[in-house]
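Participant: Sequence plus predicted model, see below.
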Amino acid sequence: MAFFFRTVDNGIKLSSLMSIPDISDVCTMNKITSDELNCLVTHEGTPEASQPLGYLLSHIFKPFKIPLPHVSELQIPLKRILHPNQHVRLQYHGLSPDTLVPLYNIETSTWNWDLPVDPPGNDSGSDPSGTSATQDPEAAEGATYEEIVASFINALAGCLSASQPLLEKECYATRTWSTANAHKALPGSKIQRKPDLVLSDDVTAKWGNIRVSSELTHSSYKPAMWLRKAADTHAYLMMSGQPWRRFTLILSFTNQYHHLRVLMYDHSGGAVSIHFDIYDQPDLFSHIITVLNFGNLECVGYDSTVLFMKHVSPPLSKPICDYRPIKNMPTQRSSSADLPASTSKFLVELLPDSKSPSSDDDLESVASDGSDYKERLTEDSLKGNSDEPTQAFTPEEEPPLPPSPVQPTMVSSAPLLSLASQIPQDLTESISSITPHPSQFPHSEHSPEPCGKIRVGDTMYIIKRILFASRSLVGHGTICYLASLDGEDYIVKDHWVLGKQDDIILNEIEMLKLMQGVPGIPKLVDYWLVTTSEGEVDNTRSYCQREHRSTQGTGRTHVRLVLKPCARPLHMFRTLKELVQALRDIVIIQKTVVEERKILHRNCSLNNVMILDDIDMSKGFLIDWEFAVRIAADNKYPIGGTGMVPFMSCRLLGQVSLMQQQVKVEAEMKRVTKARKSKLKKVSAPKILKMSSDSLALPISHVVQDYSDDLESLFFIFAWVCIKFHGPNGAVREEHMSNSLLDRWTSLDLASCAAFKVTFFANPLDEEHLINEFHPYFKPLIPLAKDWCTALKDNMVHPVTFNAILHVLNSHLDQLSNDEELQSTVTMLKKSAAILNMSNSLKHIVSLSLPVPKRKKSDKISEM
């Protein structure tokens, strides 16, 4: 039997919900993410002499190999010190603005920049804001602390680029630290978070494209401080907006803004680096900034084995020349509110040979599907440059796997596209991005195909589109791609499996082999334990130098599966009969594997039940067998395969909620005991929330579970579809229903979920509530819902059987009409015809009321 580790407690993670709670206030979200990371964050101790950056940064910065200059060698034009301190004003008074001066003062061990030291006005040790309160207020000129720090880091990056030319060649995109959202919520989420600084390639930063975020506070660092809670939420939003990331990095400036820590978050928890004094350890600080700004994106958490394609058309008004940095300015359509407070203008003018684009004509290349590309090509360009970048990933001509990861670039704004177009022509076919274009994620009908490539072992698959991506911090981080190879379609499942031993992380692979030949089960084509560019298996445990007892068994291994055939989600059904038929087929699949292969699925949820289109008909399809187990005599299994909260059976919810309550009681008892001891004698401070500890690991919990729980989960899936959607083909219901059953079934408080579901089957009024919430489209299925409810009323005492559910489904399936698809098509055509006729009528009326005068020949002559 597969062995699933128990994490620190039995708390349900955000990944166990269909969607996060409808939360927009920051404090509540901070608490949720903080609780999720309880005891899963490791803090590094004193580093070894061989690793001055500490274990964490030394490990994740491995791909960066470029030697760096000493900070004493960095020089900057005097006019580029945007915020000079008192020393600069006195020491270099009267010199030419173009005079090169040191950026770091070795004698005083300070930077020649008026960096903030004092707390801002009305400081509460949390969110820094306001203008500079340093000893030289004239230097600030009304700039905020965030703007001063951002301009300094950008200046440091410019000096490093000028001093080490290899950095310029390594990075094809302009990465700039911006403060545009320090006082304005970053778009891309209802949660109104305002990161002090963000590092992004894009003109307009969003949670879906920023590389690194940063927070500033004057206070000393504490693991449970406001800044850490904000960082937790930042990490969740970044991992949710960019689910293909391996981890995220967040910078923390504390202790009068002198101490820098790097916070790393992954799907197992997090790790915090040692602190670096930016004044006393300038070279280490410079090293960190260099890697973040110029290093391979693998160093900041992206996966080098997945690349998303960008359609880049080189400008025709000038020849492709050597790469040069350009100004990171907005396009004409951008508003001033979207501009970064500190752009990369300094990076351009700092370099003596750099040239910025002379006009907007040089910035005409845009991200598109290539539809207008041919119109803009001249005859000469068609003859001389027939190899378009978008043709580099065709299945017929698969490019060989590069020996090292291709340096990606974010290309979604005109200046950045112009920058990409300046790369030598022989490299343009490799221009890709770690972040998909918005039209590719979530997938829409206008998404370009193909949109990228993904590696599985030594094979490179073409990504046609993204089918599914989980939004979570701690958890599996599952992404499913529709991919192709040699003209054949496959599903590539990319996820993080709990555990490290092969018998655990390969459990789904073993189960699929055991079920080979069973209809309605995916066929395993290939699998791969994903490796980094250093050739190491990607495991979250490798980021922590030491495993604490509270984090034992929480490591996750990056696993990629290739499966076939391709199916569509259940909610993409075409007719009511197809929906019910698919549910019936899922029951048959479960019955077959239980009775013939002695295997229990244990993870029945909306995202795992599919519809497979066969030659002459559609069939139900059941996926995600990661938590499947061989059936035990006592039906006891380690917790882990209980499924998503909204679809868990009453019995499972009752067991897991009891465990959750026990953990809370134990924690409260420990708190009271420590409080009593502290009154008698002085004791060491208790472990702070979120820190890993050396306390004994909790024993692994077990639940009693059998196929009747999966059958009950299937009913909740059926109810979810009938309430959440308003028709076929995934049409989501728009109107909001207060106090809906779906809201009651989706909560981090499992006790309330269990109570609601138990009451639902026992109280006839709740059954009426269910019927009333059905969308009118699903009214023909109300009799089925009532009969299914009746069959499940005593499921906790007398488990329901496969035959009982099959009888209910088959009896109602026979009563559903076969003509619904034809009827819906005719109705749609009638509506379209009515709209078209109305449009033509309006055009006719307008033409009659507002006649267009005919142009005379004299008018044409006068315009010439």
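Facilitator: Happy to help now that I have it.

Participant: At which residues are the helices of the stretch 451-600 of the chain located?
Facilitator: For the stretch 451-600 of the chain, helices defined by DSSP state H, counting those that start in this stretch occupy the ranges 502-505, 507-514, 576-596.

Participant: among those helices, which is nearest Gly555?
Facilitator: Among these, the nearest to Gly555 by CB to CB is helix 502-505 (10.0 Å). Using the backbone N, CA and C atoms, a C-beta is placed for each residue, glycine as well.

Participant: Can you tell me which helices and strands the closest one packs against?
Facilitator: Helix 502-505 sits against strand 488-498, with contacts defined as 3 or more CB pairs under 8 Å, 6 or more residues apart in numbering; DSSP states H and E.

Participant: name the helices or strands packed onto the strand it packs on?
Facilitator: Applying 3+ CB pairs under 8 Å, 6+ apart, we find strand 488-498 packed against strand 452-456, strand 459-469, strand 479-485, helix 502-505, strand 556-564.

Participant: need these in a markdown table with mean pLDDT and mean neighbour count, can you?
Facilitator: Formatted as a markdown table, the helices and strands packed on strand 488-498 follow (pLDDT from 0 to 100; neighbours: other CB atoms under 10 Å):
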| stretch | mean pLDDT | mean neighbour count |
| --- | --- | --- |
| strand 452-456 | 93 | 22 |
| strand 459-469 | 91 | 20 |
| strand 479-485 | 94 | 21 |
| helix 502-505 | 76 | 16 |
| strand 556-564 | 96 | 22 |
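
Participant: Let's have these in TSV, adding distance to Arg193.
Facilitator: TSV is the format used below for the helices and strands packed on strand 488-498 (distance: least, CB to CB, whole Å):
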stretch	distance to Arg193
strand 452-456	28
strand 459-469	20
strand 479-485	23
helix 502-505	34
strand 556-564	25
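
Participant: Out of those, which gets nearest to Thr217?
Facilitator: Among the helices and strands packed on strand 488-498, the nearest to Thr217 by CB to CB is strand 556-564 (30.8 Å).

Participant: Alpha carbons of that closest one, as CSV, please.
Facilitator: Written as CSV, here are the backbone C-alpha positions of strand 556-564 (Å, rounded to 0.1, in the frame of the first residue of the first chain):
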residue,chain,number,x,y,z
ARG,A,556,7.5,17.0,-2.6
THR,A,557,9.0,15.6,-5.8
HIS,A,558,8.4,17.2,-9.2
VAL,A,559,6.8,14.5,-11.4
ARG,A,560,5.5,14.7,-15.0
LEU,A,561,3.2,12.1,-16.6
VAL,A,562,2.3,11.7,-20.3
LEU,A,563,-1.2,10.2,-20.6
LYS,A,564,-3.8,9.5,-23.3
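
Participant: the inter-axis angle of that strand versus helix 507-514?
Facilitator: 30 degrees (axes from the mean of the first three to the mean of the last three CA atoms, to 10 degrees).

Participant: Packing partners of strand 556-564?
Facilitator: Using 3+ CB pairs under 8 Å, 6+ apart, strand 556-564 sits against strand 452-456, strand 488-498, strand 523-529.

Participant: hmm, back to that, same list (the helices of the stretch 451-600 of the chain) but as a markdown table, adding distance to Ser470.
Facilitator: Output for the helices of the stretch 451-600 of the chain, formatted as a markdown table (distance: least, CB to CB, whole Å):
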| stretch | distance to Ser470 |
| --- | --- |
| helix 502-505 | 18 |
| helix 507-514 | 16 |
| helix 576-596 | 21 |
